[in-house]
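# from the sequence below, what's the structure:
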Amino acid sequence: MTQPLHLDTEAWTDFITKINAYTDEGKGKLDILTLYVDDLTSGEWKAPAALEFKADFDNWSSIEYSYYEQFNELAQRVTREIAQWLETANTLE
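Numbering: from 1, shown residues only. Sure thing, here's the model as predicted:
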């Protein structure tokens, strides 16, 4: 016997809320950290190592930002899936 399809939309909506909060918080903290690094490497720290550190940090932060963007895209995809699921469920009622 085939199992009926089921999607717990409330649980997935909660997941989206948490993903959005996580990405917003992470981006905010990364923005602050970037400001600190920019200040340190453009002011007080005058050495070749400062430029290397800044380049390494910029590379790392770029990767980190891309992860946050991927999380946002995932949340958007899940949001669209929930909307489609609810629309389909409404037509079957």
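# E81: how many residues sit nearby?
Residues lying near E81 (other Cβ atoms under 10 Å) number 13. Glycine gets a C-beta too; all of them are placed from N, C-alpha and C.
# show me the contacts for it.
By Cβ atoms under 8 Å, 6 or more residues apart in numbering, E81 lies in contact with W12.
# neighbours around A47, how many?
Neighbours around A47, by other Cβ under 10 Å: 9.
# look at the residue most central in space within the chain and give its secondary structure.
In the chain, the residue lying closest to the centroid (Cα atoms, centre = their mean) is Y68, at 2.6 Å. Using DSSP: H, G, I helix; E, B strand; the rest coil, the structure places Y68 in helix.
# wait, isn't it in contact with K27?
Yes - using Cβ atoms under 8 Å, Y68 is in contact with K27, at 5.3 Å.
# now I16. Nearest residue, chain neighbours left out?
Residue nearest to I16 in three dimensions, not counting chain neighbours: A75, with 4.8 Å by Cβ to Cβ, 6 or more residues apart in numbering.
# burial count for that neighbour?
Close neighbours of A75, defined as other Cβ under 10 Å, add up to 19.
# could you tell me the per-residue confidence at it?
With respect to pLDDT, A75 scores 94.
# which parts of this protein are strands?
With DSSP state E, there are no strands along the chain.
# where do the helices sit along it?
Using DSSP state H, the helices of the chain run over 9-39, 48-92.
# the shortest one vs helix 48-92, what angle?
What separates the directions of helix 9-39 and helix 48-92 is an angle of 160 degrees, with axes from the mean of the first three to the mean of the last three Cα atoms, to 10 degrees.
# quick check: buried residues in helix 9-39?
Buried residues in helix 9-39, counted by 16 or more other Cβ atoms under 10 Å: 12, 16, 19, 23, 27, 37.
# wait, doesn't the second one sit right on R80?
The one in question is I16. No - with contacts counted by Cβ under 8 Å, I16 stays clear of R80, the gap being 10.7 Å.
# circling back to that earlier point, next, format the helices of the chain as TSV and append distance to Q3.
Shown next, in TSV, are these (distance: least, Cβ to Cβ, whole Å):
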stretch	distance to Q3
helix 9-39	18
helix 48-92	16
